[in-house]
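[1] pasting the sequence and the predicted coordinates here, then a few questions.
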Amino acid sequence: MRKLLVATKNRGKAKEIKELIGDFFDEVLTLSDFEGNINIIEDGKTFEENALKKAKTIYDLYRLPTLADDSGLEVDALGGRPGVYSARYAGENATDEERIKKLLEELRDVPCEKRGAQFVCVLTFIDENGRVYQTKGICRGKIGFEPRGKNGFGYDPVFIPEGSTLTFAELESEEKNRISHRAKAFEKLKRILGEIYNEDISSE
Ligand SMILES: O=c1nc[nH]c2c1ncn2[C@H]1C[C@H](O)[C@@H](COP(=O)(O)OP(=O)(O)OP(=O)(O)O)O1
Ligand SMILES: [Mg+2]
């Protein structure tokens, strides 16, 4: 019986992680399942630092395999902002709608060809022995002029991935999970998990 703790409070993100992780774990628990009120301050300057801090905080409490995801949206016309500040872009307690509204406002006069952006996802996995692994995925696209679609979470209604005319929020989750920044980071992480856990099985 192999458990994975996922150090996220974001339910939309948690849902995707459960869809993407595969069958390396028998049980996948997220912060809302096992740790009601922990507050991890994400004060790193990079996605890598924040993902490591989230994973390490939870690993140190439970000493079980732990995964954290730190992600965000880098907008070309804003010099890469909001980046690591994506969750706090419109203030600590703002909603996804408020963040999207602020972004569209900032980009009001930016023409289509200058609305390039990318989603970035860094995953930190810590195994039961405390070994740390990090992977990263990037998905290029552009920011639309108005929110469209109901699927997904966060900035999905305004992000149009390269090669698509639909926003992430208009795509089915299966399609987003084929092309997203998170999907790309998971492809790399799953190769690592394959090595870690196949070794375990052969030595049992
Ligand atoms: O696929 C995505 N589709 C839309 N928006 C996304 C995505 N991936 C990250 N994002 C946005 C959500 C949040 O505004 C920020 C992540 O911030 P980040 O600190 O990593 O997550 P969070 O605070 O929501 O949850 P937690 O830290 O508990 O995992 O970027
Ligand atoms: Mg966060």
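    Perfect, I can see it now. Ligands and ions are numbered 1, 2, ... in the order given.
[2] check contacts around residue 2.
    Neighbour list for residue 2: 24-27, 65, 197 [criterion: Cβ atoms under 8 Å, 6 or more residues apart in numbering]. Backbone N, C-alpha and C define where each C-beta goes, glycine included.
[3] could you check how many residues crowd around residue 178?
    Neighbour count of residue 178, defined by other Cβ atoms under 10 Å: 11.
[4] distance of it from ligand 1?
    Using Cβ to the nearest ligand atom, to the nearest Å, residue 178 is found at 13 Å from ligand 1.
[5] give me the element residue 103 is part of.
    Residue 103 belongs to helix 96-106 when assigned by DSSP states H and E.
[6] now the element after that helix, going C-ward?
    Following helix 96-106 in sequence order, the next helix or strand is strand 116-126 (DSSP H and E).
[7] now the chain against ligand 1: closest residue?
    Proximity of the chain to ligand 1 (Cβ to the nearest ligand atom) peaks at residue 154, 2.3 Å away.
[8] for that residue, helix, strand, or coil?
    Following DSSP: H, G, I helix; E, B strand; the rest coil, residue 154 is assigned to coil.
[9] do you know the pLDDT at it?
    Reported pLDDT at residue 154 in the predicted model: 98.
[10] ok, now which ones touch it?
    10, 12-13, 73, 86, 96, 99.
[11] which among those count as buried?
    10, 13, 73, 86, 96, 99 (16 or more other Cβ atoms under 10 Å).
[12] shouldn't the fifth one be in contact with residue 152?
    Pointing back at residue 96 there. No. Between residue 96 and residue 152 there is no contact under Cβ atoms under 8 Å: 9.7 Å.
[13] from the contacts of residue 154, pick the one nearest residue 42.
    When the contacts of residue 154 are compared for distance to residue 42 (Cβ to Cβ), residue 86 wins out at 10.5 Å.
[14] pull the number of nearby residues for the nearest residue to the closest one once chain neighbours are set aside.
    Nearest residue to residue 86, sequence neighbours excluded (Cβ to Cβ, 6 or more residues apart in numbering): residue 72, at 3.4 Å. The tally of other residues near residue 72 (other Cβ under 10 Å) stands at 24.
[15] what strand or helix carries residue 72?
    Going by DSSP H and E, residue 72 is in strand 66-75.
[16] got the buried residues for that strand?
    Residues of strand 66-75 classed as buried: 66-75 (neighbour count, 16+ other Cβ under 10 Å).
[17] hey, what's the residue nearest to residue 86 bridged with?
    Counting by DSSP bridges, residue 72 forms beta bridges with residue 120.
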